[in-house]
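Undergrad: take a look and give me a structure for this.
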Amino acid sequence: MELEAAELTNVFARNLRRRRQELGLTQEQLAERTGISAPDISDMERGERPPKLSTIARIAEGLTLSPSHLLSAELFTVAAENPANRA
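TA: Below is the predicted model of the structure:
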């Protein structure tokens, strides 16, 4: 299934927020891990700012995920719901 740009931005926003909260990180803590400002992270979590590819890679590293997990509705949902992946 191919997603349009706006849909992909929303998937990224949802997955970014979900994973950040799952790790117990504030936006400020994620900003420190990634070198991306907390206001920019906030904008991306609300879907107000589509990320660049380099930004996706930095955020994925900060969240200990592959970039594909941040961009995939199916992959991230399955990974997040599987208790074995929370260890």
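
Undergrad: centroid-nearest residue for this protein?
TA: Against the mean C-alpha coordinate of the chain, by Cα atoms, centre = their mean, the closest residue is residue 16 at 2.3 Å.

Undergrad: I'd say it and residue 70 touch.
TA: Yes: with contact defined as Cβ atoms under 8 Å, residue 16 counts as touching residue 70 (6.2 Å). Using the backbone N, CA and C atoms, a C-beta is placed for each residue, glycine as well.

Undergrad: quick one: low-confidence parts of this structure?
TA: Counting by pLDDT under 70, the chain contains low-confidence ranges at 1-3, 74-87.

Undergrad: CA atoms only for the longest helix anywhere in it, dumped as PDB, please.
TA: Looking across the chain with DSSP state H, the single longest helix is helix 5-22. What follows is helix 5-22 as a C-alpha-only set of coordinates in PDB (Å, rounded to 0.1, in the frame of the first residue of the first chain):
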ATOM      1  CA  ALA A   5       2.800  12.500   1.700                       C
ATOM      2  CA  ALA A   6       0.200  13.800   4.200                       C
ATOM      3  CA  GLU A   7      -0.700  10.300   5.300                       C
ATOM      4  CA  LEU A   8       3.000   9.400   5.700                       C
ATOM      5  CA  THR A   9       3.500  12.500   7.800                       C
ATOM      6  CA  ASN A  10       0.700  11.500  10.100                       C
ATOM      7  CA  VAL A  11       2.000   7.900  10.400                       C
ATOM      8  CA  PHE A  12       5.400   9.200  11.300                       C
ATOM      9  CA  ALA A  13       3.900  11.700  13.800                       C
ATOM     10  CA  ARG A  14       1.900   9.000  15.500                       C
ATOM     11  CA  ASN A  15       4.800   6.500  15.700                       C
ATOM     12  CA  LEU A  16       7.200   9.200  16.900                       C
ATOM     13  CA  ARG A  17       5.000  10.100  19.800                       C
ATOM     14  CA  ARG A  18       4.100   6.600  20.600                       C
ATOM     15  CA  ARG A  19       7.700   5.400  20.700                       C
ATOM     16  CA  ARG A  20       8.900   8.400  22.700                       C
ATOM     17  CA  GLN A  21       6.300   7.900  25.300                       C
ATOM     18  CA  GLU A  22       6.900   4.200  25.400                       C
END
